[in-house]
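>>> output the structure for:
(one chain, ligands or ions: 1)
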Amino acid sequence: MKKTKTTLRTTLGELTREQVGFILPHEHVFVDLRPMDVPGFGEADASDVKQLMVPYIEEAKAKGVSMMVDCGPLGVGRRVDIIKAVSKAAKLPIMVPTGIYREPWVPKWVYGASEMEIAEWMTRELTEGIENTGVKAGFIKLSAGDSGITDIERKILKAACISAKLVNAVIGSHTIHGEVVRNQLDIIEEMGYKADRFIWIHTHLERNFDIHLEMLRRGAWIEYDGISWEDDERFIELILKVINAGYIDQLLLSQDNGWYSPKTGLASKVRGYTYLGDIFIPKLKAAGVDEASIIKLTQINPFNAFAR
Ligand SMILES: [Zn+2]
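This next block holds a predicted model:
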């Protein structure tokens with residue numbers, strides 16, 4: 001049987017494991033968190049976004065970042081055309097998702113669409129490309145309400161399972177509470193998809209570490225992606241607990257930093273992408289994490305999570 005290599009789908013094409021090193025699995029280049037009916041929602045000149053964001057991405061690249069994932073799905077002003085322009089200018093590949101955010105950031109058409117119609121749209125974006133950019137989605141990003149998954153969010157998740165199964169895409173969910181993520185993984189398994197193709201985004205926001213462990217035991221990826229936003233010591237403690245429990249292979253680290261916002265334009269306050277490599281990783285090494293483990297956490301794991 002012919003063995004095909006898994007690759008990352010990015011703005012600059014497909015990349016094999018040999019072509020990438022340090023990966024940031026959760027950052028943002030362009031986000032609009034305003035209500036979708038606000039005039040000018042999701043609108044900006046690509047030249048402005050480039051002017052503001054390219055220097056930050058070039059800085060990350062100069063410090064060794066080889067690829068980053070922009071985690072903005074439909075609903076938060078996703079502009080793959082703009083991200084592609086920024087990526088080309090900075091010469092850094094960026095992965096973008098298909099998928100839909102949570103209520104109230106769900107576009108109107110999604111309410112009227114069937115599970116299968118949403119799945120077909122996702123599959124088109126994963127396999128053919130997004131809008132007319134020629135960029136294929138690298139994964140499926142979605143979310144669920146903080147106090148429980150709503151009907152529409154459940155429909156989006158089921159659609160994601162149908163689509164992801166076809167191409168072995170990973171599904172990542174912005175989920176703040178452990179009880180909600182538990183329900184989401186139940187739904188994924190009921191749909192016949194698997195825990196090891198699911199990323200619990202923002203795991204660190206759940207204060208109960210037992211639920212982190214529970215999701216790891218079930219086989220899911222967990223993501224501590226708030227590095228630079230909270231105490232480094234807390235993250236180091238969490239990471240050491242995961243390693244000591246034997247789950248280093250299921251852990252992702254990122255910063256959730258960026259981004260250009262159409263509301264503030266060129267005056268957007270950008271948080272750069274270099275804290276993890278410059279400040280945090282040296283501290284993690286000082287806490288006793290060896291080089292091989294650092295390579296797992298920053299290179300091998302993110303490749304394995306997103307490659308298909
Ligand atoms: Zn984010």
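>>> where does pLDDT dip in the stretch 1-150 of the chain?
Across the stretch 1-150 of the chain, the ranges flagged by pLDDT under 70 are 1-3.
>>> now do the helix or strand hosting residue 217: everything it contacts.
Element membership of residue 217, judged by DSSP states H and E, is helix 209-218. Contacts to helix 209-218, defined as C-beta atoms under 8 Å, 6 or more residues apart in numbering, come from residues 178-179, 181-182, 185, 195, 200, 203, 206, 222, 238, 241-242, 245, 247, 250. The C-beta positions use only the backbone N, C-alpha and C, and glycine is treated the same way.
>>> buried ones among these?
For those, a burial check counting by 16 or more other C-beta atoms under 10 Å picks out 178, 181, 185, 195, 200, 203, 206, 222, 238, 242, 247, 250.
>>> want to try TSV for these, with distance to residue 45 as columns?
Formatted as TSV, those follow (distance: C-beta to C-beta, whole Å):
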residue	distance to residue 45
178	41
181	38
185	41
195	42
200	36
203	36
206	39
222	38
238	40
242	42
247	44
250	40
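>>> quick one on the thing from earlier: so which of the contacts of helix 209-218 belong to helices?
178, 179, 181, 182, 185, 238, 241, 242 (DSSP state H).
>>> let me know the closest of the residues you listed to the ion.
residue 181 (15.6 Å; C-beta to the ion).
>>> which residue packs closest to residue 146, ignoring adjacent ones?
residue 176 (4.9 Å; C-beta to C-beta, 6 or more residues apart in numbering).
>>> for the ion, what's the nearest residue on the stretch 1-150 of the chain?
Closest point on the stretch 1-150 of the chain to the ion, by C-beta to the ion, is residue 71, at 4.6 Å.
>>> where's the closest residue to residue 90 other than its chain neighbours, which helix or strand?
Leaving aside its chain neighbours, residue 90 sits nearest to residue 57 (3.9 Å; criterion: C-beta to C-beta, 6+ apart). Using DSSP H and E, residue 57 sits in helix 46-62.
>>> ok, back up a step: now the buried ones among the contacts of helix 209-218 in TSV, with distance to the ion and pLDDT?
Conversion of these to TSV gives the following (distance: C-beta to the ion, whole Å; pLDDT from 0 to 100):
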residue	distance to the ion	pLDDT
178	18	95
181	16	98
185	20	98
195	22	98
200	13	98
203	13	98
206	16	97
222	15	98
238	18	98
242	20	98
247	22	98
250	19	98
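>>> so which of those comes closest to residue 267?
Checking those against residue 267 with C-beta to C-beta, the nearest one is residue 203 at 32.2 Å.
>>> so what's the closest one up against?
Taking C-beta under 8 Å, 6+ apart, we find residue 203 in contact with 212, 215, 222, 223, 224.
>>> residues near the second one, how many?
Counted by other C-beta atoms under 10 Å, the residues lying close to residue 215 total 24.
>>> now do the contacts for the nearest residue to residue 224 once chain neighbours are set aside.
The shortest distance from residue 224 to any residue other than its chain neighbours is 4.6 Å, reached at residue 204 (C-beta to C-beta, 6+ apart). By C-beta under 8 Å, 6+ apart, the contact list for residue 204 reads 224, 225, 226, 230, 234, 235, 238.
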